[in-house]
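Chemist: Sequence and predicted structure are below.
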Amino acid sequence: MTHRRAVGLMVLVALLWSIAGVVTRHLDTAHAFEVTFWRSAFNALALLVVLGCMRGSLLWRGLLRGGWAVWIFGVCWGVMYTAFMLALTLTSVANVLITMAISPLLTALFSRFFLGHRLPMRTWLAIVVAGIGIAWMFAAQGEAGASLLGSLIAGAVPLAGAVNLTVLQRVGKDAVLTEDMLPAVLIGAVLSALATWPLAWPMQVSSHDLGLLALLGVVQLAVPCLLMVRLTRELPAPEVSLLALLEVVFGVTWAWVGAGETPASSVLFGGGLVLAALVVNELLVLHRVS
């Protein structure tokens, strides 16, 4: 695969991820836990079909002999699937996506405190600037009387993502544990569906909503997740992180144009600080890699 094609596919991944917010805004009757259950269920079904065709019985053998890291990854994926959709039903798309964007910086902090990795000054500066941006957003929400619950739940997504990547770094020398994390993506989808199933009753989903939730589970989640795993073999991690930030830009734009959800000035300012800190940091890393 050429570098240009890999970059183009990663942009497509960010574009597919970004439709969650605008699609959620067009649901009619499904409530928060029901939305999460159906999206995770359709995601699990799609992954079962695709991975089953790709690997056959090897998929089940991989799940049964999966090490502790695979199951930690699975739990973290389940947390991310669940928290993301719950947060979207409680606060704006912009708040959710910008809060999620701090994942690379949380990963850097976890690597410093749990793995002993030294952080360059540019990363510390990026963490401080991004922290100011997030604090600005949350303070403005509080002053406006807006609910912070959705933003706090959204914070579980980058937290779980940082745990995932930290564990991956911890077991990075074990080829058996790191050669394939696709079973963990499937485990997370199943865990998310099982956890929200009892809370989704009584089911009120309409056929209209069911179609949109199937779109989210398959097109917005299963397909881009499989693509991203493949692209990590073609692109360096800093470049993947940088291109993934396009989800924030795409997602806020979709919600603005497709659902009339205009981001508040505090979100634009705070989010701008977060994105600027992340972009500058990742570009410096990418420059060193190249």
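Modeler: Perfect, I can see it now.
Chemist: low-scoring stretches of the stretch 51-200 of the chain, by residue?
Modeler: Flagging of the stretch 51-200 of the chain using pLDDT under 70 yields the residue ranges 62-67, 140-147, 171-181.
Chemist: mind running it again at 90?
Modeler: 51-74, 89-152, 158, 161-187 (pLDDT under 90).
Chemist: From Ala32, how far off is Ser91?
Modeler: Ser isn't right for residue 91; it's Thr. Using C-beta to C-beta, to the nearest Å, Thr91 is found at 12 Å from Ala32. Just so you know, the C-beta spots here come from the backbone N, C-alpha and C atoms, and that holds for glycine as well.
Chemist: swap that for Val280, sorry
Modeler: Counting by C-beta to C-beta - Val280 and Ala32 are separated by 36 Å.
Chemist: Please say which of these two ends up with more neighbours.
Modeler: Ala32 (19 against 14; other C-beta atoms under 10 Å).
Chemist: where does Val249 fall, helix, sheet strand or coil?
Modeler: Under the three-state scheme (DSSP: H, G, I helix; E, B strand; the rest coil), Val249 adopts helix.
Chemist: and it, what is it in contact with?
Modeler: 18, 275 (C-beta atoms under 8 Å, 6 or more residues apart in numbering).
Chemist: Pull the number of nearby residues for Phe113.
Modeler: Residues lying near Phe113 (other C-beta under 10 Å) number 10.
Chemist: what does Val279 give?
Modeler: Using other C-beta under 10 Å, Val279 has 14 neighbouring residues.
Chemist: What helix or strand is it located in?
Modeler: helix 265-289 (DSSP states H and E).
Chemist: Show me what that helix is packed against.
Modeler: Contacts defined by 3 or more C-beta pairs under 8 Å, 6 or more residues apart in numbering; DSSP states H and E place helix 265-289 against helix 93-100, helix 103-115, helix 121-143, helix 237-244, helix 246-259.
Chemist: angle of the host helix or strand of Leu168 against helix 103-115?
Modeler: Leu168 is part of helix 156-170, with elements assigned from DSSP H and E. On the basis of axes from the mean of the first three to the mean of the last three C-alpha atoms, to 10 degrees, helix 156-170 is oriented at 50 degrees to helix 103-115.
Chemist: Pull the distance from helix 156-170 to the chain's centre.
Modeler: Centroid separation for helix 156-170 versus its chain: 11 Å, with C-alpha atoms, centre = their mean, to the nearest Å.
Chemist: by how many degrees do it and helix 237-244 diverge?
Modeler: Angle of helix 156-170 versus helix 237-244, following the same axes, to 10 degrees, is 160 degrees.
Chemist: what is the orientation angle of helix 156-170 with helix 93-100?
Modeler: Interaxial angle, helix 156-170 versus helix 93-100 (the same axes, to 10 degrees): 30 degrees.
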